[in-house]
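# 3D model of this:
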Amino acid sequence: MKKLLDRLTAVIGLALFSPLALAFQLEEVHSSIGKVILYAFALSAAGIVAVVYFRQVPDKRTDTLQGMLNNETNATQTVEADALVIECVRKMAGQKIGALMVMDCGKLVGIFTERDALSRVLAAGRDPRDTKVVEVMTTDPCCASPEMTVGDAMDLVAKNHFRHLPIVANGKVQALLSSRDLTHWLGKNREGEVQDLVEFAHQA
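Okay, the predicted model is just below:
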């Protein structure tokens, strides 16, 4: 009788243990699959990083400013020397720009910025309706040629602590670039490079 009870207990124990053992084995299988997927993902990420690191991406800072410019003069960013400050401020607000190039007989004689409007007009107590821009503009602005590289232009702006850079070729004004224009242009090109890398990774 005792032997029969022992056998019965062993059978019941085996019946209860088998599902637990099977569940444990399945859990181990799932865990192994998860590890394989994780390792595969890590290897893929490492491959993409290697591609980004070792691929020689052209430095857009070495490109010239000519690539950013139109062939025509940007007349919307110029104003005549005898224009009133109120007219200049309204034009800047309407065009959503921070500076105007001041012209006299087709020659660049100065630049009028938001900083000039604040410090040389409002802070000085001048009436913008009676003040000519030539009286409060920044004279002899630092200029760049279209052949200057983007990197040199950014360094020039940062070194001299101004935000607007007139582009002049053979005495003729081509455009007015801001520090934001330069950084935006570089960022736009970097986005294209990142997209190329993503597409390359998908194809690999």
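# when you work out contacts or count neighbours from here on, use the C-alpha atoms and nothing else.
Fine.
# and the helices in this protein?
2-54, 85-95, 114-116, 133-136, 150-160, 179-203 (DSSP state H).
# elements contacting the shortest one?
Packed against helix 114-116, as judged by 3 or more Cα pairs under 8 Å, 6 or more residues apart in numbering; DSSP states H and E, are no other helices or strands.
# before we move on, back to that, mean pLDDT lowest where, among the helices of the chain?
For the helices of the chain, the weakest mean pLDDT is recorded on helix 2-54, namely a mean of 52.
# okay, now the domains of this structure?
1-55, 61-185 (automatic domain parsing).
# buried sites along stretch 152-164?
Neighbour-count burial for stretch 152-164 flags Asp152, Ala153, Met154, Leu156, Val157, Arg163, His164 (criterion: 16 or more other Cα atoms under 10 Å).
# er, stretch 128-135 I mean
Pro128, Thr131, Lys132, Val133, Val134.
# show me what contacts the second one?
By Cα atoms under 8 Å, 6 or more residues apart in numbering, the contact set of Thr131 is Leu84, Val85.
# neighbours around Gly187, how many?
Neighbour count of Gly187, defined by other Cα atoms under 10 Å: 13.
# now swap in Gln77 and tell me
Neighbours of Gln77 (other Cα under 10 Å): 19.
# contacts only, for the residue lying closest to Val157 once chain neighbours are set aside.
Leaving aside its chain neighbours, Val157 sits nearest to Arg163 (6.2 Å; criterion: Cα to Cα, 6 or more residues apart in numbering). Contacts here follow Cα under 8 Å, 6+ apart; on that basis Arg163 touches Val157, Ser178, Ser179, Arg180.
# over to Gln95?
Thr76.
# ok, the one 5 residues further on next?
Contacts were defined as Cα under 8 Å, 6+ apart; by that measure Leu100 touches Gln77, Thr78, Val79, Cys88, Met92, Ile111, Phe112, Thr113.
# before we move on, what about Ala144?
Applying Cα under 8 Å, 6+ apart, the residues near Ala144 are Ala153, Leu165, Pro166, Ile167, Val168.
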